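Enquirer: take a look and give me a structure for this.
(chains A and B, ligands or ions: 1)
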Amino acid sequence: MKYVDEYRNPQICRRLVAEIRASASRCYTIMEVCGGQTHGLLMHGIDQELDGVIELLHGPGCPVCVTPAEDIDFAISLCQRERFTVVTFGDMLRVPGTTLSLREARARGGDVRLVYSPLDAVQLAKSDPSREFVFFAVGFETTTPATALAVQQAASLGLENFSMIVAHVRVQPAMEAIMDADACRVEAFLAAGHVCTVNGYASYDRFAERYRVPVVVTGFEPVDLLGGILSCVLQLEQGVAKVENRYERSVHHAGNIEALRVVDETYAICDQPWRGLGKIPNGGLRLRDHWRQFDAAQKFSRVAMPIVEPTPCRSGDVLTGRIRPTECEYFGRECTQDTPLGAPMVSSEGACAAYARHARQRV
Amino acid sequence: MCLAVPGQLVEWIERESPFAEGVVEFAGVRRRTNLACVPEAVVGDFVLVHAGVAISRIDADEAQRILRTLEEIEFDQPPFKSEDSL
Ligand code: SF4
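Expert: Take a look at the predicted model:
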């Protein structure tokens, strides 16, 4: 492994910072929509380095944070049933539902198991036909090929004890909702590298044109992130709004054709409620009718949960960039990583957790 | 959540989707990995794996880079504050 690497090289980073400072005739507001990039920007101190030149807003880049409480409640109600097991990713465990998290439900006797891959959940179902296995499928486009393949495998194996709660979310409709919102301050977007690895970036052309907003596909290294920001600034200075790919080493225009084929066979686009943001048109996926026997929402009745007081968490304002996490009155006081009030503080990729972890102070 | 880990394809086991599968080596650890989305991958290629499924083929340099990012994520070393800062 090379010692000095071009994507981390401090000289290159400083040169990019200088170039951004020299190019920007005023302070621009740029949003990234990927939890990994949020952490990268804060971890490398890029937000502080560009203070006063670029205001970074952190969009809904964490799929766990936007999973509706009702879906978590549904998973909790299933894991408490006799001979039922809910299977999911570790990230979901601590996210609060209306009254409990899956971890708390497990402590009270619910059967919740964590897997690295949805395909492991299929294997669990295959190896124990006496139990019902429900996989809680969350994630952006990056994760959809894996869950789609799980359903297809379960069908090929003829499993009758496997189903999924599908809570997948699609990034671009959320970006549209942010642009359509009143008082939107976003002037350019960094698009998420791994979402685009699957999805490509062809669909951003119309988006950039319609909203007159630059979109730059960006990776996760400091040089990637700074390069993406510089591209945004140069476009804004020239008054153009187009799509650029600065992550060519992983992302192709059309995405991964085979992955998209599998996803399209399995899922149809639907409206989806995003936690904190409300219902987003075309913002999610549902299983196509062909696979309906694997849809937990069709297979099992959802028990109505008691209505509780809405949480004071301001995740909606954070996820749309109206406020920064440090501007939330609960940040660092009532809401900490040990005592989180909302999903963005719980999830390792949430913007509030990123600010807490990298010790940004409450303003 | 969208974290993806690079590994090197060691062996194909099954070619048919949705069960297409092979052995991928991650920093010395070998794991069975679904290859349905990278049917063109050949032994020796690096693939980017997310949730047990290879989502793309990448070059060896990129694989090294991502691995190092994953290792260093714990250290939180900002490039601006490194030894050779002015
Ligand atoms: S700091 Fe806590 S309460 Fe405030 S928006 Fe973030 S998660 Fe919600």
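
Enquirer: beyond the longest strand anywhere in chain B, next helix or strand please.
Expert: Ranked by number of residues, the top strand in chain B under DSSP state E is strand B:5-14. Heading C-terminal from strand B:5-14, the first helix or strand you meet, by DSSP states H and E, is strand B:21-26.

Enquirer: what about stretch A:73-92, average pLDDT?
Expert: Averaging pLDDT along stretch A:73-92 gives 95.

Enquirer: buried set for that stretch?
Expert: Neighbour counts over stretch A:73-92 (16 or more other CB atoms under 10 Å in any protein chain shown) mark A:73-80, A:84-89, A:91-92 as buried. Using the backbone N, CA and C atoms, a C-beta is placed for each residue, glycine as well.

Enquirer: before we move on, the earlier item: now do the longest strand of chain B: which elements does it pack against?
Expert: In terms of contacts (3 or more CB pairs under 8 Å, 6 or more residues apart in numbering or on different chains; DSSP states H and E), strand B:5-14 is packed against strand B:21-26, strand B:29-34, strand B:46-50, helix B:60-72.

Enquirer: of the buried residues of stretch A:73-92, list those near chain B.
Expert: A:89, A:91 (CB under 8 Å from any CB of the partner chain).

Enquirer: out of the buried residues of stretch A:73-92, who's nearest A:P60?
Expert: A:D91 (14.8 Å; CB to CB).

Enquirer: residues in contact with the residue in the stretch 1-150 of chain A that the ligand sits nearest to?
Expert: Per CB to the nearest ligand atom, A:C65 is where the stretch 1-150 of chain A lies closest to the ligand, at 8.4 Å. By CB atoms under 8 Å, 6 or more residues apart in numbering or on different chains, the residues touching A:C65 are A:35, A:95, A:275-276, A:315, A:319, A:342-344, A:346-347, A:349-350.

Enquirer: at 7 Å instead, please
Expert: A:C65 makes contact with A:275, A:315, A:343-344, A:347, A:350, according to CB atoms under 7 Å, 6 or more residues apart in numbering or on different chains.

Enquirer: coming back round to it: of the buried residues of stretch A:73-92, just say which sits nearest to chain B.
Expert: Nearest to chain B among the buried residues of stretch A:73-92 is A:D91, at 5.7 Å by CB to the nearest CB.

Enquirer: quick one: the closest one is in a strand?
Expert: No. Assigned with DSSP: H, G, I helix; E, B strand; the rest coil, A:D91 falls outside any strand and is helix.

Enquirer: that one - nearest residue in space that isn't next to it in sequence?
Expert: A:V64 (4.7 Å; CB to CB, 6 or more residues apart in numbering or on different chains).

Enquirer: and that neighbour, that one's in a helix?
Expert: No. Under three-state DSSP, A:V64 falls outside any helix and is assigned coil.

Enquirer: the contacts of A:C65: which ones sit near the ligand?
Expert: A:315, A:344 (CB under 6 Å from any ligand atom).

Enquirer: out of the contacts of A:C65, who has the most neighbours?
Expert: Ranked by the number of neighbours (other CB atoms under 10 Å in any protein chain shown), the contacts of A:C65 place A:P344 first, at 36 neighbours.

Enquirer: strands along the stretch 51-200 of chain A, start to end?
Expert: Ranges of strands in the stretch 51-200 of chain A, per DSSP state E, counting those that start in this stretch, are A:54-58, A:84-88, A:112-114, A:132-139, A:162-168, A:188-192.

Enquirer: of those, flag the one that's most buried.
Expert: strand A:188-192 (a mean of 28; mean count of other CB atoms under 10 Å in any protein chain shown).

Enquirer: contacts for it next, please.
Expert: A:28, A:30-34, A:37, A:61, A:171, A:175, A:201, A:204, A:213-218, A:228, A:232, A:235-236, B:2.
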